[in-house]
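Asker: Predicted model, plus sequence, below.
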Amino acid sequence: MGENEQTLSKQEIDEYIRLNYRPDDGEASDKGFLEILKGAKKNLPRRREFDSTYATSDTLQYLLDKIRSKVELTFSEKLMELISKKGKKPAEIYKKANVDRALFSKIKGDKNYHPTKSTALAFAIALHLSLEETQDLIGRAGYALSNSINRDLIVRCYIESRIYNIFDINEKLVDYGYDPLTNKY
């Protein structure tokens, strides 16, 4: 098994899923966006009521300015920052993630590259990220770990247990009937 000899039993994973599964209730909303929109309306200069075009374009401009001010590092930029912060060599991390060099080169070379969710998770595991750090990294590629998706719960279970063996995780995912995070397992 390599570096970390721990593993999780099917019973432990089943119990984790039982305790953490939350069906999607469809009521998730982006409160941050709604707050920005309220702020935009509040900060608009007062105009005559019939000039609705002015309010619409000002609202959009205000929202765009707010969004631009909050732009963070992309997935690629954050991945490279994390590799550096951990004092690791890029080759060490992409090998631990079980990702080939060509794909890693694409990610590294294009700051706007969007990997698959599985690839993003594989890098989080290779970097031994906490759940919060994992959510941040994969969020930069437009993904999240959901409590209403069993596959995500299995991966989360490993992360929260601090078991970062990609081959073991892949094997368990396949045992549960899901695709592995990486093609080689």
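Answerer: Everything's here; your move.
Asker: Give me the below-cutoff pLDDT ranges for the protein.
Answerer: Within the chain, the stretches with pLDDT under 70 are 1-5, 24-56, 68-71, 184-185.
Asker: Give me the domain ranges for this protein.
Answerer: 31-69, 73-175 (automatic domain parsing).
Asker: so which of the ones you listed gets nearest Asp14?
Answerer: domain 73-175 (9.7 Å; CB to CB). All C-beta spots, glycine's among them, are computed from the backbone N, C-alpha and C.
Asker: Could you tell me the end-to-end distance of that closest one?
Answerer: Taking CA to CA, to the nearest Å, domain 73-175 runs 36 Å from one end to the other.
Asker: Name the SS class of Pro23, please.
Answerer: Three-state call for Pro23 (DSSP: H, G, I helix; E, B strand; the rest coil): coil.
Asker: Please, where are all the strands along this protein?
Answerer: Secondary structure of the chain (DSSP state E): no strands present.
Asker: Geometrically speaking, which residue is the centre of it?
Answerer: By CA atoms, centre = their mean, the chain has its centre lying nearest to Ile138, at 1.8 Å.
Asker: was I right about that residue contacting Ala144?
Answerer: Yes. Using CB atoms under 8 Å, Ile138 is in contact with Ala144, at 6.8 Å.
Asker: Tyr21: which of the domains of the chain is closest?
Answerer: Nearest to Tyr21, of the domains of the chain and by CB to CB, is domain 73-175 at 6.2 Å.
Asker: Distance from that closest one to the middle of the chain?
Answerer: Distance of domain 73-175 from the chain centroid (CA atoms, centre = their mean, to the nearest Å) equals 8 Å.
Asker: Tell me how many other residues crowd the nearest residue to Asp168 once chain neighbours are set aside.
Answerer: Counting by CB to CB, 6 or more residues apart in numbering, Asp168 lies nearest to Thr7, which is 5.3 Å off, once chain neighbours are set aside. The tally of other residues near Thr7 (other CB atoms under 10 Å) stands at 15.
Asker: And the one 10 residues further on, by the same measure?
Answerer: By the criterion of other CB under 10 Å, Ile17 has 17 neighbours.
Asker: quick one: contacts for it?
Answerer: Residues counted as contacts of Ile17 (CB atoms under 8 Å, 6 or more residues apart in numbering) are 150, 153-154, 157.
Asker: In helices only, show me those residues.
Answerer: If you go by DSSP state H, these have 150, 153-154, 157 in helices.
Asker: Closest one of the residues you listed to Pro115?
Answerer: Taking CB to CB as the measure, Pro115 lies nearest Ile154 of these, at 19.5 Å.
Asker: ok, that closest one touching Lys172?
Answerer: Yes. Counting by CB under 8 Å, Ile154 does reach Lys172; the two are 6.0 Å apart.
Asker: Need the overlap of contacts for these two.
Answerer: Ile13.
Asker: rewinding a little: turn the ones in helices among the contacts of Ile17 into a markdown table, including distance to Lys95.
Answerer: As requested, the ones in helices among the contacts of Ile17 are arranged in a markdown table below (distance: CB to CB, whole Å):
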| residue | distance to Lys95 |
| --- | --- |
| Asn150 | 28 |
| Leu153 | 27 |
| Ile154 | 23 |
| Cys157 | 24 |
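Asker: Sounds good, over and out.
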